[in-house]
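**Student:** here is a sequence together with a model predicted from it:
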Amino acid sequence: MSNVEAEPAEQRCGAVADERTPRTPRAPYVEVLSAREVPLGGPRAMSVRRSLPQRARTLIGAWCFADHYGPDDVAEAGGMNVPPHPHTGLQTVSWLFSGEIEHRDSLGTHALVRPGELNLMTGGYGISHSEVSTARTRVLHGVQLWVALPAAHRNAGRDLQHYAPTPVQVDGAELRVFLGSLAGDTSPVRTFTPLLGAELRLAAGATTTLAVDPGFEHGLLVDQGNVRLGGVLLRPAELGYASTGFDTLTLTNESEDAARLVLLGGTPFDDQIVMWWNFIGRSHADIVQAREDWQKASDRFGAVEGYAGDRLPAPALPNATLTPRRNPPRL
């Protein structure tokens with residue numbers, strides 16, 4: 001999905017501590033990150049709840065962008081219609097709960113994104129794609145996620161991987177592991193940094209404990225239900241951040257109905273990134289060049305065939321130098 005905000009603001013994400021200030025190590029902790037509402041386009045366009053990036057946290061592992069949308073009645077909300085747009089320095093992860101999206105990209109791919117099926121697109125040096133909800137879609141509901149590529153792979157070639165994980169049953173929960181490993185199940189999808197991505201469905205009143213890598217940070221995005229993570233209650237649309245140091249995550253559904261969650265994880269991502277619109281680079285100059293290449297329709301991003309409409313123009317750059325986004329310092 002594109003960030004189609006007409007004037008995407010540069011965000012200084014997270015306070016940067018003075019390195020001379022002594023720090024006291026702290027135990028593993030959980031904090032709650034709230035989302036902000038972002039409209040995607042005109043008056044009938046859909047809106048999303050964006051929980052990454054934000055001032056409190058820029059990344060969870062290499063996960064750098066999280067939009068959560070729906071359930072939207074397409075007849076009323078207009079559905080998704082995102083024209084061809086570019087990406088650099090990242091991978092996009094499309095995951096649906098309901099509905100269907102037609103994907104076209106500059107690899108020549110024409111594919112359908114369906115519930116429970118992962119589409120992971122790599123656009124290192126440059127790729128473009130469009131996303132349109134199909135005529136069969138009645139309710140559109142899902143998440144769109146981005147993964148920052150590490151410096152060694154920031155110019156990786158274009159690629160698209162598809163995977164439909166088999167559900168796994170564990171202690172009152174059903175898991176679909178689309179990236180990485182969890183509960184004995186491993187996704188075959190290739191990533192450039194250690195990552196975890198899974199959909200969890202937790203029965204009403206159920207508690208489950210999952211063994212996880214203590215070197216990972218984790219994020220738990222709540223779609224439905226009220227779920228307690230490490231003693232902290234998370235409500236729908238909230239993202240719970242669990243620091244490194246946890247070797248298990250205990251989840252309790254305190255709702256009378258089943259809960260649905262998306263669990264993300266990864267090793268802390270230490271590269272400094274400059275993130276603006278649909279581009280990730282390492283400097284202001286990287287972003288300026290990517291925007292210029294898109295505006296002049298260079299071969300860097302290729303062409304999307306079959307979309308009935310124009311490409312999405314890049315917004316104007318801010319009248320300031322874009323600076324790296326940082327997480328709060330790890331203690």
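**Tutor:** Happy to help now that I have it.

**Student:** can you tell me the distance between the two ends of stretch 276-283?
**Tutor:** 11 Å (Cα to Cα, to the nearest Å).

**Student:** Gln144 is in contact with Leu90, isn't it?
**Tutor:** No - look at Gln144 against Leu90 with Cβ atoms under 8 Å: they stay out of range, at 11.8 Å. For the C-beta atoms, the positions are set from N, CA and C on the backbone; glycine is no exception.

**Student:** now the common contact residues for those two.
**Tutor:** Phe65 (Cβ atoms under 8 Å, 6 or more residues apart in numbering).

**Student:** and Ala211, bridged to which residues?
**Tutor:** When assigned by DSSP bridges, Ala211 has beta-bridge partners Thr248.

**Student:** what's the neighbour count on it?
**Tutor:** Number of residues near Ala211 (other Cβ atoms under 10 Å) recorded here: 12.

**Student:** my read is that it contacts Thr248, right?
**Tutor:** Yes - Ala211 is in contact with Thr248 according to Cβ under 8 Å; the separation is 5.6 Å.

**Student:** relative to Leu317, how far out is Gly205?
**Tutor:** Distance check for Gly205 against Leu317: by Cβ to Cβ, to the nearest Å, it reads 51 Å.

**Student:** tell me which of these two has more neighbours.
**Tutor:** Leu317 (17 against 14).

**Student:** centre of the chain versus stretch 273-280, how much separation?
**Tutor:** Chain-centre distance of stretch 273-280: 14 Å, with Cα atoms, centre = their mean, to the nearest Å.

**Student:** and that stretch, end to end?
**Tutor:** First residue to last in stretch 273-280 (Cα to Cα) measures 7 Å.

**Student:** so what touches that stretch?
**Tutor:** 2-3, 8, 10, 53, 58, 64-65, 85-90, 146, 148-149, 154, 281-284, 286-287, 290-291, 314-315, 317, 322-325.

**Student:** what helix or strand is the residue positioned nearest the centre of the chain on?
**Tutor:** Centroid check for the chain by Cα atoms, centre = their mean gives Leu145 as the closest residue, at 1.8 Å. Here Leu145 sits within strand 139-148, counting by DSSP states H and E.

**Student:** before we move on, the earlier item: surely the residue nearest to the centre of the chain touches Gly197?
**Tutor:** Yes - at 7.5 Å, Leu145 counts as touching Gly197 under the criterion of Cβ under 8 Å.
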